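Engineer: sequence first, then the predicted structure, then my questions.
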Amino acid sequence: MSAGDKLFAGSIPENYDRYMVPLIFARYAQDLAHRAAAVSPRDVLETAAGSGVVTRELAPLLSPEARYVVTDFNQPMIDYAAARQGADNRISWRQADAQALPFEDAAFDVVCCQFGVMFFPDRPSAYREARRALRPDGCFLFNAWDRIEENVFADDVTRALAEFFPSDPPRFMARTPHGYHDAAVIRSDLAKAGFSDVTIETRAEESRAPTARQVAIAYCQGTPLRNEIEARGADKLEAAIEHVAAALARKHGSGEIAGKIQAHVVVARM
């Protein structure tokens, strides 16, 4: 993983929330929130919360007495998520590294993480921290994208950018968001952290967008792909978006387009 893969700053948080969340994250956030709420937790920790899509889904499902601590490694993401959420005295916001959580042992009933584990340099370490923060009967809920070939738009965008930058193709999507797709590896990493009861459900959904260009903007401006594109030339971003949009339109059409997305949903207990 490149150092830039974790850099969600500048306009990326806003574009991520505006474009990527409805495109690929919203349905999985709803699923994760309902799974978390189903255990009636009193204390919830969210790691790698991003722009707050799970927070917005889960907060209304929690009891009035609940405590909900929302964290992310990137302060710009936390700031954006908090601004979107609105006032709620049950929620506290904190910049935190999931590999070194600043919380006491056995403090939470649920630790949840929406599409964040792929960004952790040492996943067993992060999983040990989640386990340490959980009460003995608590659960760790997270999801992770399946292989890029099972996620149509991510694969299409990556291929189109490889055409646009043939000598040095941006590989962020394949390398990081879709780089942790092997269920056996996920199970092994969780076992190293002390989780013995693990369920992994592979869940397919459909991603839809009004135009091919919106998908191109979503991936090229709402993810660290933007950093990779601009590193190849500060003036290349708009031309890259146009190239990706044209490639998507050739494959999927000029009107509303749709493509498969697929992810693993993981429930881990001690």
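Structural biologist: Yes, it's here. For clarity, every value in this text was computed on a predicted model and none was experimentally measured.
Engineer: next, the residue sitting furthest away from the middle of the chain: secondary structure please.
Structural biologist: Ranked by distance from the centre of the chain (CA atoms, centre = their mean), the top residue is residue 167, with 28.7 Å. Three-state assignment for residue 167 (DSSP: H, G, I helix; E, B strand; the rest coil): coil.
Engineer: next one: it from residue 197, what distance?
Structural biologist: With distances taken as CB to CB, to the nearest Å, residue 167 is found 48 Å from residue 197. (Glycine included, C-beta is placed from N, CA and C.)
Engineer: do residue 25 as well
Structural biologist: Taking CB to CB, one finds residue 25 at 27 Å from residue 197.
Engineer: which one of these two has more residues nearby?
Structural biologist: Neighbours per residue, other CB atoms under 10 Å: of residue 25 and residue 197, the larger number sits with residue 25, 23 against 10.
Engineer: which residues touch the more buried one?
Structural biologist: Residue 25 is in contact with 50, 53, 114, 115, counting by CB atoms under 8 Å, 6 or more residues apart in numbering.
Engineer: A helix includes it, no?
Structural biologist: Yes - read with three-state DSSP, residue 25 is one of the residues of a helix.
Engineer: residue 112 reaches residue 143, doesn't it?
Structural biologist: No - at 9.2 Å, residue 112 does not count as touching residue 143 under the criterion of CB atoms under 8 Å.
Engineer: overlap in contacts, those two.
Structural biologist: Common contact partners of residue 112 and residue 143 (CB under 8 Å, 6+ apart): residue 32.
Engineer: what's the closest non-adjacent residue to residue 51?
Structural biologist: residue 17 (3.8 Å; CB to CB, 6 or more residues apart in numbering).
Engineer: just residue 197 next, same as before
Structural biologist: Among residues not flanking residue 197 along the chain, residue 269 sits closest, at 4.1 Å (CB to CB, 6+ apart).
Engineer: which strand residues bridge the one you found?
Structural biologist: On the basis of DSSP bridges, residue 269 is bridged to residue 139, residue 197.
Engineer: so it makes contact with residue 135?
Structural biologist: No - at 10.8 Å, residue 269 does not count as touching residue 135 under the criterion of CB under 8 Å.
Engineer: related to what we said a few turns ago, between the contacts of residue 25, which is closest to residue 151?
Structural biologist: Nearest to residue 151 among the contacts of residue 25: residue 115, at 11.5 Å, using CB to CB.
Engineer: for that closest one, list the residues it contacts.
Structural biologist: Residues near residue 115 by CB under 8 Å, 6+ apart: 25, 28, 48, 50, 143, 144, 145, 177, 263.
Engineer: ok, now residue 19?
Structural biologist: 214, 217, 218, 221, 222.
Engineer: now it. Nearest residue, chain neighbours left out?
Structural biologist: Excluding the flanking residues, the one nearest residue 19 by CB to CB, 6+ apart is residue 218, at 3.5 Å.
Engineer: and the one you found, how far from residue 127?
Structural biologist: 30 Å.
Engineer: how about residue 115?
Structural biologist: Taking CB to CB as the measure, residue 115 falls 15 Å from residue 127.
Engineer: and for residue 139?
Structural biologist: Distance, residue 139 to residue 127, by CB to CB: 13 Å.
Engineer: the two - which one has more neighbours?
Structural biologist: Remark: of residue 139 and residue 127, residue 127 carries more neighbours, 27 against 24, as counted by other CB under 10 Å.
Engineer: what sits against residue 209?
Structural biologist: With CB under 8 Å, 6+ apart, residue 209 has these contacts: 23, 153, 215, 218, 256, 257, 258.
Engineer: tell me the predicted confidence for the closest residue to it other than its chain neighbours.
Structural biologist: Computed as CB to CB, 6+ apart, the closest residue to residue 209 that is not its neighbour in sequence is residue 215, at 4.8 Å. Per-residue confidence (pLDDT) for residue 215: 97.
Engineer: please pick the buried ones from the contacts of residue 209.
Structural biologist: With burial judged by 16 or more other CB atoms under 10 Å, the buried subset of the contacts of residue 209 is 23, 153, 215, 218, 257.
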